[in-house]
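**Student:** Sequence and predicted structure are below.
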Amino acid sequence: MNDLINDPNASRLIYGLRDTGYNVKTAAADIIDNSIAAGAENINIEIQLLHDGRKVVYFGDDGHGMNQEEVRNAMRYGADRRPDAKSLGKFGLGLKTASSSVCKRYSVISRRSEDQPLAKLTWDLEHVEQHNVWEMLAEPVTADQNEMFDEYCGPTGTLVIWENCDRLLSKEYTPGTKEQAAVKRMSEALSKHLSLVFHRFLDENDSREGNVVIRINGTPVKPWNPFYPERSEQVLAPNKQKVVVELFDGSEEVAEMKAWILPHRRDMTKEEEAEFARISNRAQGFYVYREGRLIQDGGWMDVFGAPENGGAKLVHVSGGMVLLRAA
Ligand SMILES: Nc1ncnc2c1ncn2[C@@H]1O[C@H](COP(=O)(O)OP(=O)(O)O)[C@@H](O)[C@H]1O
Ligand SMILES: [Mg+2]
(Lines give C-alpha, C1' and ligand atoms only; values in the text may rest on other atoms or scores of the structure.)
(Ligands and ions follow the chains in the order given, each with its own letter.)
Protein backbone atom coordinates (compact mmCIF):
# COMPACT_ATOMS: atom_id res chain seq x y z
CA MET A 1 0.00 0.00 0.00
CA ASN A 2 1.25 3.45 -0.88
CA ASP A 3 0.73 5.60 2.24
CA LEU A 4 1.45 8.77 0.35
CA ILE A 5 -1.60 8.54 -1.90
CA ASN A 6 -4.17 10.26 0.25
CA ASP A 7 -7.47 10.48 -1.64
CA PRO A 8 -9.99 12.97 -0.29
CA ASN A 9 -12.79 11.68 1.88
CA ALA A 10 -15.64 11.66 -0.63
CA SER A 11 -18.43 12.36 1.83
CA ARG A 12 -16.61 15.15 3.70
CA LEU A 13 -15.42 16.85 0.53
CA ILE A 14 -18.60 16.69 -1.52
CA TYR A 15 -20.48 18.27 1.39
CA GLY A 16 -17.69 20.76 2.08
CA LEU A 17 -17.85 21.92 -1.52
CA ARG A 18 -21.45 23.02 -0.94
CA ASP A 19 -20.12 26.10 0.83
CA THR A 20 -17.85 27.79 -1.65
CA GLY A 21 -19.59 31.15 -1.65
CA TYR A 22 -22.57 30.67 -3.97
CA ASN A 23 -26.10 31.82 -3.38
CA VAL A 24 -29.09 30.72 -5.47
CA LYS A 25 -28.66 33.63 -7.90
CA THR A 26 -24.94 33.22 -8.52
CA ALA A 27 -25.35 29.42 -8.71
CA ALA A 28 -28.03 29.73 -11.41
CA ALA A 29 -25.86 32.26 -13.26
CA ASP A 30 -23.03 29.69 -13.37
CA ILE A 31 -25.31 27.09 -14.94
CA ILE A 32 -26.40 29.67 -17.50
CA ASP A 33 -22.79 30.65 -18.15
CA ASN A 34 -22.22 27.05 -19.30
CA SER A 35 -25.32 27.16 -21.53
CA ILE A 36 -24.18 30.36 -23.22
CA ALA A 37 -20.70 28.89 -23.70
CA ALA A 38 -22.41 25.93 -25.42
CA GLY A 39 -23.94 28.33 -27.95
CA ALA A 40 -27.47 28.25 -26.54
CA GLU A 41 -29.98 30.75 -27.88
CA ASN A 42 -32.80 29.73 -25.57
CA ILE A 43 -32.46 28.96 -21.90
CA ASN A 44 -35.52 27.87 -19.97
CA ILE A 45 -35.54 27.84 -16.21
CA GLU A 46 -38.45 26.14 -14.53
CA ILE A 47 -38.79 26.44 -10.78
CA GLN A 48 -41.30 24.00 -9.34
CA LEU A 49 -42.73 23.88 -5.86
CA LEU A 50 -44.55 20.57 -5.45
CA HIS A 51 -47.52 20.08 -3.13
CA ASP A 52 -45.47 18.27 -0.54
CA GLY A 53 -42.93 21.12 -0.40
CA ARG A 54 -40.31 19.49 -2.64
CA LYS A 55 -38.55 21.98 -4.85
CA VAL A 56 -37.13 21.13 -8.25
CA VAL A 57 -35.35 23.44 -10.69
CA TYR A 58 -34.81 22.68 -14.39
CA PHE A 59 -32.38 24.51 -16.65
CA GLY A 60 -32.87 23.59 -20.30
CA ASP A 61 -30.72 24.94 -23.11
CA ASP A 62 -30.59 24.43 -26.87
CA GLY A 63 -26.79 24.57 -27.07
CA HIS A 64 -24.56 22.00 -28.74
CA GLY A 65 -25.15 19.43 -26.00
CA MET A 66 -22.96 16.54 -24.95
CA ASN A 67 -22.64 12.84 -25.70
CA GLN A 68 -22.36 10.19 -22.97
CA GLU A 69 -18.61 10.59 -22.53
CA GLU A 70 -18.87 14.38 -22.42
CA VAL A 71 -21.60 14.24 -19.78
CA ARG A 72 -19.31 12.06 -17.71
CA ASN A 73 -16.53 14.63 -18.06
CA ALA A 74 -18.92 17.49 -17.29
CA MET A 75 -19.99 15.78 -14.06
CA ARG A 76 -16.43 15.27 -12.92
CA TYR A 77 -15.18 17.50 -10.09
CA GLY A 78 -12.33 19.08 -12.02
CA ALA A 79 -13.58 18.59 -15.59
CA ASP A 80 -11.14 18.86 -18.50
CA ARG A 81 -10.00 22.34 -19.44
CA ARG A 82 -12.21 24.00 -22.05
CA PRO A 83 -10.65 24.34 -25.51
CA ASP A 84 -11.98 27.90 -25.81
CA ALA A 85 -12.27 30.52 -23.11
CA LYS A 86 -15.71 31.86 -23.94
CA SER A 87 -17.01 31.17 -20.47
CA LEU A 88 -16.29 32.21 -16.91
CA GLY A 89 -15.45 28.61 -16.05
CA LYS A 90 -11.87 28.06 -15.06
CA PHE A 91 -11.51 25.10 -12.77
CA GLY A 92 -14.01 22.61 -14.16
CA LEU A 93 -16.03 22.84 -10.96
CA GLY A 94 -18.85 25.33 -11.57
CA LEU A 95 -21.61 22.94 -12.61
CA LYS A 96 -21.02 20.73 -9.59
CA THR A 97 -20.31 23.27 -6.87
CA ALA A 98 -23.05 25.66 -8.05
CA SER A 99 -25.63 22.87 -8.18
CA SER A 100 -24.71 21.29 -4.86
CA SER A 101 -24.72 24.67 -3.13
CA VAL A 102 -28.50 24.66 -3.65
CA CYS A 103 -29.50 21.00 -3.83
CA LYS A 104 -28.39 17.55 -2.74
CA ARG A 105 -29.17 15.73 -5.95
CA TYR A 106 -28.47 16.99 -9.44
CA SER A 107 -28.53 15.47 -12.90
CA VAL A 108 -27.33 16.36 -16.36
CA ILE A 109 -29.27 15.06 -19.37
CA SER A 110 -27.90 15.90 -22.79
CA ARG A 111 -27.45 14.97 -26.41
CA ARG A 112 -25.29 16.25 -29.22
CA SER A 113 -27.55 15.12 -32.05
CA GLU A 114 -31.18 14.23 -32.42
CA ASP A 115 -30.49 10.63 -33.40
CA GLN A 116 -28.54 10.02 -30.17
CA PRO A 117 -30.25 8.71 -27.06
CA LEU A 118 -30.25 11.13 -24.11
CA ALA A 119 -27.19 10.74 -21.90
CA LYS A 120 -27.84 11.13 -18.19
CA LEU A 121 -25.81 11.08 -14.99
CA THR A 122 -26.66 12.08 -11.44
CA TRP A 123 -24.77 13.08 -8.32
CA ASP A 124 -26.68 12.31 -5.16
CA LEU A 125 -24.89 13.64 -2.09
CA GLU A 126 -26.69 11.26 0.24
CA HIS A 127 -25.56 8.31 -1.86
CA VAL A 128 -21.95 9.51 -1.72
CA GLU A 129 -22.31 9.98 2.04
CA GLN A 130 -23.71 6.49 2.55
CA HIS A 131 -21.06 4.70 0.54
CA ASN A 132 -18.27 7.25 0.96
CA VAL A 133 -17.11 6.85 -2.65
CA TRP A 134 -17.15 9.22 -5.63
CA GLU A 135 -19.92 7.27 -7.31
CA MET A 136 -22.55 8.80 -9.55
CA LEU A 137 -25.92 7.27 -10.36
CA ALA A 138 -26.86 6.10 -13.87
CA GLU A 139 -30.63 6.14 -13.77
CA PRO A 140 -32.84 5.88 -16.85
CA VAL A 141 -34.35 9.09 -18.23
CA THR A 142 -37.95 9.21 -16.98
CA ALA A 143 -40.91 9.91 -19.25
CA ASP A 144 -41.33 13.33 -17.57
CA GLN A 145 -37.69 14.20 -18.13
CA ASN A 146 -37.97 13.13 -21.75
CA GLU A 147 -40.90 15.47 -22.19
CA MET A 148 -39.09 18.25 -20.35
CA PHE A 149 -36.11 17.83 -22.67
CA ASP A 150 -38.30 18.18 -25.75
CA GLU A 151 -40.00 21.24 -24.32
CA TYR A 152 -37.01 23.09 -22.83
CA CYS A 153 -34.10 22.00 -25.02
CA GLY A 154 -34.54 20.88 -28.61
CA PRO A 155 -32.79 18.61 -31.11
CA THR A 156 -29.54 19.20 -29.21
CA GLY A 157 -29.03 20.69 -25.80
CA THR A 158 -28.65 20.10 -22.12
CA LEU A 159 -31.04 19.81 -19.21
CA VAL A 160 -29.66 20.34 -15.71
CA ILE A 161 -32.01 19.26 -12.92
CA TRP A 162 -31.71 20.27 -9.27
CA GLU A 163 -33.69 18.03 -6.93
CA ASN A 164 -33.80 17.83 -3.17
CA CYS A 165 -33.26 21.62 -3.06
CA ASP A 166 -32.74 22.20 0.64
CA ARG A 167 -31.15 25.61 0.08
CA LEU A 168 -33.36 27.20 -2.56
CA LEU A 169 -35.01 29.36 0.09
CA SER A 170 -33.13 30.98 2.94
CA LYS A 171 -35.38 29.42 5.57
CA GLU A 172 -37.67 26.44 5.97
CA TYR A 173 -41.40 26.76 5.51
CA THR A 174 -44.24 24.39 6.11
CA PRO A 175 -45.79 23.83 2.68
CA GLY A 176 -48.38 26.50 1.95
CA THR A 177 -48.98 30.02 0.71
CA LYS A 178 -46.05 31.56 2.60
CA GLU A 179 -43.68 29.15 0.93
CA GLN A 180 -45.25 29.85 -2.46
CA ALA A 181 -44.73 33.57 -1.89
CA ALA A 182 -41.09 32.96 -0.91
CA VAL A 183 -40.47 30.98 -4.11
CA LYS A 184 -42.05 33.79 -6.12
CA ARG A 185 -39.82 36.40 -4.45
CA MET A 186 -36.79 34.21 -5.11
CA SER A 187 -37.71 33.87 -8.82
CA GLU A 188 -38.08 37.63 -9.09
CA ALA A 189 -34.74 38.24 -7.42
CA LEU A 190 -33.17 35.69 -9.77
CA SER A 191 -34.69 37.40 -12.80
CA LYS A 192 -33.30 40.74 -11.63
CA HIS A 193 -29.85 39.26 -11.12
CA LEU A 194 -29.78 37.59 -14.55
CA SER A 195 -31.11 40.75 -16.22
CA LEU A 196 -27.96 42.51 -15.02
CA VAL A 197 -25.26 39.83 -15.36
CA PHE A 198 -26.26 38.85 -18.90
CA HIS A 199 -27.70 42.16 -20.13
CA ARG A 200 -25.46 42.27 -23.20
CA PHE A 201 -26.72 38.85 -24.30
CA LEU A 202 -30.34 39.59 -23.46
CA ASP A 203 -30.44 42.89 -25.31
CA GLU A 204 -31.02 42.15 -28.98
CA ASN A 205 -29.85 45.66 -29.88
CA ASP A 206 -26.50 45.10 -28.20
CA SER A 207 -24.17 43.75 -30.87
CA ARG A 208 -21.21 43.05 -28.55
CA GLU A 209 -22.49 39.58 -27.70
CA GLY A 210 -24.78 37.01 -29.31
CA ASN A 211 -28.45 36.98 -28.43
CA VAL A 212 -29.95 34.74 -25.80
CA VAL A 213 -33.49 34.49 -24.50
CA ILE A 214 -33.71 33.40 -20.86
CA ARG A 215 -37.15 32.49 -19.52
CA ILE A 216 -38.07 31.81 -15.92
CA ASN A 217 -41.27 29.78 -15.70
CA GLY A 218 -42.12 31.04 -19.18
CA THR A 219 -41.48 34.76 -18.57
CA PRO A 220 -38.58 36.23 -20.53
CA VAL A 221 -35.90 38.02 -18.47
CA LYS A 222 -35.56 41.61 -19.70
CA PRO A 223 -32.08 43.10 -20.03
CA TRP A 224 -31.09 45.80 -17.57
CA ASN A 225 -28.15 47.97 -18.56
CA PRO A 226 -26.88 49.59 -15.34
CA PHE A 227 -25.53 52.65 -17.18
CA TYR A 228 -28.87 53.72 -18.60
CA PRO A 229 -27.09 54.87 -21.79
CA GLU A 230 -30.26 56.45 -23.24
CA ARG A 231 -30.06 59.22 -20.66
CA SER A 232 -26.58 59.04 -19.13
CA GLU A 233 -23.45 60.85 -20.16
CA GLN A 234 -20.25 58.98 -21.04
CA VAL A 235 -17.44 61.25 -19.81
CA LEU A 236 -14.21 59.45 -20.65
CA ALA A 237 -12.35 60.85 -23.68
CA PRO A 238 -11.88 58.35 -26.53
CA ASN A 239 -8.08 58.20 -26.06
CA LYS A 240 -8.59 57.18 -22.41
CA GLN A 241 -11.00 54.36 -23.15
CA LYS A 242 -8.39 51.70 -23.77
CA VAL A 243 -5.92 50.61 -21.12
CA VAL A 244 -3.10 48.17 -21.79
CA VAL A 245 -2.83 45.79 -18.87
CA GLU A 246 0.23 43.65 -18.30
CA LEU A 247 -0.75 40.22 -17.09
CA PHE A 248 1.19 38.09 -14.63
CA ASP A 249 2.75 36.03 -17.44
CA GLY A 250 4.10 39.20 -19.05
CA SER A 251 1.63 39.23 -21.95
CA GLU A 252 -0.54 42.25 -22.59
CA GLU A 253 -4.28 42.64 -22.92
CA VAL A 254 -6.36 45.67 -23.68
CA ALA A 255 -9.10 46.51 -21.22
CA GLU A 256 -11.76 48.89 -22.48
CA MET A 257 -13.14 51.42 -20.11
CA LYS A 258 -15.98 53.90 -20.03
CA ALA A 259 -17.21 56.27 -17.37
CA TRP A 260 -20.87 57.10 -17.03
CA ILE A 261 -22.69 59.76 -15.11
CA LEU A 262 -26.34 59.01 -14.64
CA PRO A 263 -28.93 61.77 -14.83
CA HIS A 264 -29.74 63.50 -11.59
CA ARG A 265 -32.70 62.29 -9.61
CA ARG A 266 -34.60 65.51 -10.10
CA ASP A 267 -34.36 65.11 -13.89
CA MET A 268 -36.07 61.73 -13.85
CA THR A 269 -39.55 60.52 -13.16
CA LYS A 270 -39.99 58.13 -10.22
CA GLU A 271 -40.71 55.24 -12.62
CA GLU A 272 -37.68 56.04 -14.72
CA GLU A 273 -35.51 56.08 -11.63
CA ALA A 274 -36.90 52.82 -10.30
CA GLU A 275 -36.90 50.93 -13.58
CA PHE A 276 -33.88 52.17 -15.50
CA ALA A 277 -31.51 54.06 -13.24
CA ARG A 278 -31.94 52.34 -9.85
CA ILE A 279 -29.81 55.00 -8.22
CA SER A 280 -28.22 54.10 -4.91
CA ASN A 281 -24.88 54.68 -3.20
CA ARG A 282 -24.06 50.98 -3.41
CA ALA A 283 -24.49 51.05 -7.17
CA GLN A 284 -21.61 53.48 -7.64
CA GLY A 285 -18.18 52.28 -8.56
CA PHE A 286 -16.55 49.82 -10.91
CA TYR A 287 -18.49 47.50 -13.14
CA VAL A 288 -16.28 44.76 -14.51
CA TYR A 289 -17.17 42.49 -17.42
CA ARG A 290 -15.46 39.31 -18.48
CA GLU A 291 -16.51 37.50 -21.67
CA GLY A 292 -19.46 39.88 -21.80
CA ARG A 293 -20.79 38.81 -18.39
CA LEU A 294 -20.89 41.30 -15.54
CA ILE A 295 -18.71 39.95 -12.76
CA GLN A 296 -18.66 42.96 -10.43
CA ASP A 297 -21.41 45.54 -10.03
CA GLY A 298 -20.35 48.60 -8.11
CA GLY A 299 -17.91 49.08 -5.26
CA TRP A 300 -14.44 50.56 -5.46
CA MET A 301 -12.18 47.48 -5.35
CA ASP A 302 -9.89 49.20 -2.84
CA VAL A 303 -8.73 51.61 -5.53
CA PHE A 304 -9.39 54.51 -3.24
CA GLY A 305 -8.21 54.60 0.31
CA ALA A 306 -5.52 51.95 0.25
CA PRO A 307 -2.83 54.00 2.04
CA GLU A 308 0.04 51.55 1.51
CA ASN A 309 -0.33 52.14 -2.21
CA GLY A 310 -0.69 55.86 -1.91
CA GLY A 311 -4.43 55.52 -2.31
CA ALA A 312 -4.36 53.50 -5.51
CA LYS A 313 -4.18 49.82 -6.31
CA LEU A 314 -3.48 48.14 -9.59
CA VAL A 315 -6.46 46.21 -10.85
CA HIS A 316 -5.75 43.35 -13.22
CA VAL A 317 -8.48 42.64 -15.70
CA SER A 318 -8.14 39.90 -18.24
CA GLY A 319 -9.92 40.29 -21.58
CA GLY A 320 -12.53 42.40 -19.91
CA MET A 321 -13.90 45.83 -19.60
CA VAL A 322 -13.87 48.18 -16.68
CA LEU A 323 -16.59 50.72 -16.31
CA LEU A 324 -17.25 53.45 -13.84
CA ARG A 325 -20.73 54.33 -12.88
CA ALA A 326 -21.05 57.29 -10.59
CA ALA A 327 -24.60 58.03 -9.61
N1 LIG B 1 -25.02 23.37 -20.70
C2 LIG B 1 -23.91 22.75 -21.16
N3 LIG B 1 -23.81 22.43 -22.46
C4 LIG B 1 -22.72 21.80 -22.96
N5 LIG B 1 -21.64 21.48 -22.20
C6 LIG B 1 -21.68 21.78 -20.88
C7 LIG B 1 -22.81 22.43 -20.29
N8 LIG B 1 -22.56 22.59 -18.98
C9 LIG B 1 -21.34 22.07 -18.75
N10 LIG B 1 -20.80 21.59 -19.89
C11 LIG B 1 -19.47 20.95 -20.03
O12 LIG B 1 -19.06 20.54 -18.75
C13 LIG B 1 -17.80 21.08 -18.44
C14 LIG B 1 -17.72 21.36 -16.95
O15 LIG B 1 -18.53 22.46 -16.59
P16 LIG B 1 -18.22 23.25 -15.25
O17 LIG B 1 -18.22 22.29 -14.12
O18 LIG B 1 -19.13 24.40 -15.16
O19 LIG B 1 -16.73 23.72 -15.43
P20 LIG B 1 -16.08 24.86 -16.42
O21 LIG B 1 -17.20 25.77 -16.82
O22 LIG B 1 -15.06 25.51 -15.54
O23 LIG B 1 -15.47 24.13 -17.57
C24 LIG B 1 -17.66 22.31 -19.32
O25 LIG B 1 -16.33 22.61 -19.59
C26 LIG B 1 -18.41 21.87 -20.57
O27 LIG B 1 -17.55 21.13 -21.40
MG1 LIG C 1 -18.87 26.45 -15.85
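**Tutor:** Looks like it arrived, so ask away. Just so we're clear, the structure is a prediction, and the values are computed from it rather than from any experiment. Numbering: from 1, shown residues only. Ligands and ions are numbered 1, 2, ... in the order given.

**Student:** drop to CA atoms for contacts and neighbour counts, all remaining ones
**Tutor:** Fine.

**Student:** Close to ligand 2: what parts of the chain are there?
**Tutor:** 34, 89, 94 (C-alpha under 5 Å from the ion).

**Student:** so how far is ligand 1 from the last one?
**Tutor:** As defined by C-alpha to the nearest ligand atom, to the nearest Å, residue 94 lies at a distance of 4 Å from ligand 1.

**Student:** Ok, the first one next?
**Tutor:** Look at residue 34 and ligand 1: by C-alpha to the nearest ligand atom, they are 4 Å apart.

**Student:** Can you name the residue of the stretch 101-250 of the chain nearest ligand 1?
**Tutor:** In the stretch 101-250 of the chain, the residue that lies nearest ligand 1 is residue 158 (5.1 Å; C-alpha to the nearest ligand atom).

**Student:** which bits of the stretch 51-200 of the chain sit near ligand 1?
**Tutor:** Listed as neighbours of ligand 1 in the stretch 51-200 of the chain under the rule C-alpha under 6 Å from any ligand atom: 63, 65-66, 74, 79, 82, 89-96, 158.

**Student:** swap the cut-off to 8 Å and go again
**Tutor:** Applying C-alpha under 8 Å from any ligand atom, we find that the stretch 51-200 of the chain lies next to ligand 1 at 60-61, 63-66, 70-71, 73-82, 87-97, 110, 157-160.

**Student:** Is there a neighbour count for residue 106? I'd like the number.
**Tutor:** Look at residue 106: counted by other C-alpha atoms under 10 Å, it has 25 neighbours.

**Student:** Now do residue 196, the pLDDT please.
**Tutor:** Here the pLDDT value assigned to residue 196 is 97.

**Student:** And the longest strand along the chain, what does it pack against?
**Tutor:** Taking DSSP state E as the criterion, the chain has its longest strand at strand 252-261. The contact analysis (3 or more C-alpha pairs under 8 Å, 6 or more residues apart in numbering; DSSP states H and E) places strand 252-261 against strand 233-234, strand 242-246, strand 320-326.

**Student:** Let me know the next secondary structure element after it.
**Tutor:** helix 270-272 (DSSP states H and E).

**Student:** just to revisit the earlier point, wouldn't the residue of the stretch 101-250 of the chain closest to ligand 1 be in contact with residue 62 here?
**Tutor:** Yes - using C-alpha atoms under 8 Å, residue 158 is in contact with residue 62, at 6.7 Å.

**Student:** any residues in contact with both of those two?
**Tutor:** Common neighbours of residue 158 and residue 62, counting by C-alpha atoms under 8 Å, 6 or more residues apart in numbering, are residue 35.

**Student:** Could you check which of the two is surrounded by more residues?
**Tutor:** residue 158 (31 against 26).

**Student:** How about the contacts made by the nearest residue to the more buried one once chain neighbours are set aside?
**Tutor:** Spatially, and ignoring its direct neighbours in sequence, residue 158 is nearest to residue 110 (4.3 Å; C-alpha to C-alpha, 6 or more residues apart in numbering). Residues near residue 110 by C-alpha under 8 Å, 6+ apart: 65-68, 71, 118-120, 156-159.

**Student:** any idea which helix or strand comes after the host helix or strand of residue 110?
**Tutor:** Using DSSP H and E, the element containing residue 110 is strand 105-111. Moving toward the C-terminus from strand 105-111, the next helix or strand (DSSP H and E) is strand 119-124.

**Student:** same for that following strand, what does it pack against?
**Tutor:** helix 68-74, strand 105-111.

**Student:** which of those sits most buried?
**Tutor:** strand 105-111 (a mean of 25; mean count of other C-alpha atoms under 10 Å).

**Student:** Within the sheet, what are the partner strands of it, with directions?
**Tutor:** Strand pairing for strand 105-111, using DSSP bridges, gives strand 119-124 (antiparallel), strand 157-163 (antiparallel).

**Student:** how would you label the residue lying closest to residue 278 once chain neighbours are set aside: helix, strand or coil?
**Tutor:** Of all residues not flanking residue 278 in the chain, residue 226 sits nearest, at 8.0 Å (C-alpha to C-alpha, 6+ apart). Secondary structure for residue 226, judged by DSSP: H, G, I helix; E, B strand; the rest coil, is coil.

**Student:** ok now do residue 226, which residues does it touch?
**Tutor:** 196, 276-278.
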